[in-house]
Every structure is written in C-alpha cells, then in structure tokens.
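**Q** I would like to see how this sequence folds:
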Amino acid sequence: MSNTEDTFNRGLKAYEAGDYRAAEEAFSSLLRLDPNASEVCLNLGNVYYRQEQFPKAEAQWLEAIRMNPLEDKAYLNLGNLYYNQGQLQQAIFYWEVFHGLKPQHITVSLNLGMACEALQDVTRAHHYYGIFLRNKRVGEDSRKIRRRLVEAKNVAEHNLRLAEKAMKSGQLKKAAEGYEQSLTLSPFHPVYYQHYATVLFKLKSFSQAAFWYELAIRHNHREMPVYVNLGVLYHKMNQPFDALWAFSSAIRHFGAQVPEAAVNQFNRLWEQHGVGLLQSTLSTVDGHLTARRYAEAEALLEKLADIAESHAESLVLKIQEKHAVIENMRSPSRKAASLLLAQADQYRESGQYEKALAAYEQYQARFPDGEKIPEVKARIEEIGKVISAVIGSLLSEPNLLTTTEEAANVA
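**A** Okay, the predicted model is just below:
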C-alpha cells in the first residue's frame, strides 16, 4: 500500500472513530500533495461538517464538485447543509442534481418533497412524494406519508369548496382562510392559486398575493390577468424589475388583449429604468454565480430572458451564457465531459500524446453519445499515427549502446 493510500485510510478510520482533528490532518496533508483530489475534498468537507465548521464544509464540497462534477455525494451533502440552514431553494437545487445522478437513492425524493412542501409548492412536493412511494411500497415512512396525504386531500377538498363559495359571496377573509387550509395541503389546478392570489390582493396582502400568482405561472397557468395583476402588485411594492417582467410578459403573450393602462405603465417603467435596470440585475446574477447561489441566479435569469427577448436583444447572448453556467451545474455529466475533453486537448497541445490518448479514450468510453464524439475519434486516430511514427523512428535508429558491456567496451 502506498503512503497516499495509507494516509487516506488513516483519515477515514479517524473520522469513523470521531477523531476529527486527526482526520482533518490526514486529509489536509493529502490535499497539499494533490490539490485536485476530489474524494479527499469530499471527506475533508465531511470532517468540517462534523466539527460544525459549516462554511469550511461548504467550501470543500463545492471544490470537490469543481474538480469532479460527478462527485455525487457532494451534491447530497450540500443539499443537506442548505436544508438545515433554512436555504430551501439552494437545498432543492443540489438535491435535484443528486437525484439526477442517483435516481435509485429514494430518500432524497422524500427530502425534496419536504423542502417543496415547506415552500408551499405542494404540487411539486407531491411529485417527489410520488417517486418515493412508488419505490418504497413498504415501511413505516411510506405508510405515514400515504396516510397523511390521503387525510390532507380530504380536508383540503372540503376547505377548497368553502373557499370558493366564500370568494363568490365576497367574504374575503373567510375565503383566504379556506384557500390557505386547502392549497397548502394538497395539489389542485393552478387556477385556484390565481383565485387565492386575487383574494389576497384585495385584502392588500401584496407579497403573499405575488407569491401565489407566480406559483400559478410556474405551474403553466399563464393567464393575462395573472401577469397584469402581478405587474400592478410589484409596482405597488416598489419592485420595478419584477413589474417590468410581469407587464412585458403580458404584452408578449397576449398583445392587444392587454389593457391600455397596463401597457402605459410598462412604457413608463421602461422609460424610467430600461436597459440599465436589466444590466444591474445581470450584475446581481454575476454575484450569485460567484457565490454559487445557483437557485437565486436561475430565478432572475428566467425573468431577464423574458424581458430581453422583446425589449433588449443586445443582452440575450449574455443571458444565455449565464444560463449555460447553471445548466452545466444541473447537468454534471455534460460538465464532466467538457472538463475531460479540455484536459485531453491540453495534453495534445503540449505534446503529451500518451496522456492525451488515454483522456480521449476515457471520454469515448464514458460519453459514447457525446456531441464531440466524431471529433474525439478523429483525434484518437491522429494521435495513434503520431505515436506510431515516433516509435517507428526510434526503432530505425542505430542502437549504439545496448548493454552495459558494450558501454564499457566503447569507453
């Protein structure tokens, strides 16, 4: 066993024994020898987590992902960390990446369901609960969840009927109570999200109304009044970027159907803020990306893309480039392929042909359907010819000193 393997195993044993100082020393010494060892980063992050040094743990797990985008446990650990810190959108982002890498790991489906439910996105929560229940048909957890979902549905359907009746009779507070006690318990058609939002709007609960309007849109209920009311809400709340997005989306999707007052409000906002506001929002996105707050960056980019498509075409390419960063995070296999190919190209350009050949062949084996496969095959063939030519030239040279005896004779 090599010294490196011995140190790594010593670190693991120390970690399992709860001797976190010794484990930290072992893994840190390995990183000094090889700063690109993703598995070591992962384990050092685990050590920091156990010591409640959460920023250090987060940094190590993020570094492990940077080194190896397929380091699946790092995504799981980050999701757990953010969930425990109450950063639910971040937790969902990393758990979803992990779920894509390890769909057979069904516990993360339960985690995702709980996080989505905490964000009041019950439709999305039930999607993940469904995955969990389909894959875990027996056990105490599955029985509890099934029972809770059935009970919640019965209560929610009753409360929703009461809420709709109260709304139609103008009893807004009673309607709001009914919607809250139904839409936060069980999934329903997003038209009811619109109804609840409208009731909240009339009750001047503006931030909650905006949340439910946006949730309706997120679940493909894209009605003109939803966008217009959102624009009015965000304008009242002094959120010009969100107001611009809502009004511009209404105009883009519904054209002449949009009330003139809403169009005029958009024009005034655009004249007042315009491209400058979009550029400052892009700077905010850059800050989120630098801090690796991908969920926040993604939410802003989606709105930026909607506005820029109709009113700021010069920013479309920049927005797409930033979207690509997030897509690479969501698709770690694609990111891993890109990194491996870049490494192979670097070896090739520096004349390290054997390492380049090994890296290209590894790419071909791991990503047989990759878009760069034709190019990779051509390079493998090209490098094979170069290596053969080098070997051929070495064999054709006169062998002056073939043994130690001949060397002695010449001397």
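
**Q** ok, residue 225 - how many residues close by?
**A** 16 (other CB atoms under 10 Å). Glycine gets a C-beta too; all of them are placed from N, C-alpha and C.

**Q** Residue 146 versus residue 326, what's the distance?
**A** To residue 146, residue 326 is 35 Å away according to CB to CB, to the nearest Å.

**Q** between the two, which one's more packed in?
**A** Remark: of residue 326 and residue 146, residue 326 carries more neighbours, 18 against 13, as counted by other CB under 10 Å.

**Q** wait, the more buried one sits on residue 297?
**A** Yes. Using CB atoms under 8 Å, residue 326 and residue 297 qualify as a contacting pair, with a distance of 6.3 Å.

**Q** Can you pull the residues that touch both of those two?
**A** Residues touching both residue 326 and residue 297 (CB atoms under 8 Å, 6 or more residues apart in numbering) are residue 289.

**Q** For the chain, give me the ranges with low pLDDT.
**A** 1-2, 365-371, 390-411 (pLDDT under 70).

**Q** per-domain residue ranges of it.
**A** Domains of the chain are assigned by automatic domain parsing as 148-188, 332-396.

**Q** ranking those domains by burial, who's on top?
**A** Most buried of the domains of the chain, by mean neighbour count (mean count of other CB atoms under 10 Å): domain 148-188, with a mean of 17.

**Q** which SS state does residue 339 fall under?
**A** helix (DSSP: H, G, I helix; E, B strand; the rest coil).

**Q** Any figure for the gap between it and residue 325?
**A** When residue 339 is compared with residue 325 (using CB to CB), they lie 14 Å apart.

**Q** contacting residues around the helix or strand hosting residue 234?
**A** Under the criterion of DSSP states H and E, residue 234 resides in helix 224-236. For helix 224-236, contacts defined as CB under 8 Å, 6+ apart pick out 194, 197-198, 201, 206, 209-210, 213-214, 216-217, 240, 242-243, 246-247, 249-250, 253-254, 257-259, 262, 265-266, 269.

**Q** now stretch 282-289
**A** 294, 296-297, 300-301, 304, 315, 318-319, 322, 325-326.

**Q** which residues in the stretch 1-150 of the chain form strands?
**A** For the stretch 1-150 of the chain, applying DSSP state E, counting those that start in this stretch gives no strands.

**Q** sorry, back to before: for residue 339 and residue 325, list the residues in contact with both.
**A** Going by CB under 8 Å, 6+ apart, no residue sits against residue 339 while also sitting against residue 325.

**Q** Which one, of the domains of the chain, ends up nearest to residue 31?
**A** Of all the domains of the chain, domain 332-396 sits nearest to residue 31, with 18.8 Å by CB to CB.

**Q** Which residue is the nearest non-sequential neighbour of the residue positioned nearest the centre of the chain?
**A** In the chain, the centroid-proximal residue (CA atoms, centre = their mean) is residue 93; its distance is 4.0 Å. Among residues not flanking residue 93 along the chain, residue 295 sits closest, at 4.4 Å (CB to CB, 6 or more residues apart in numbering).
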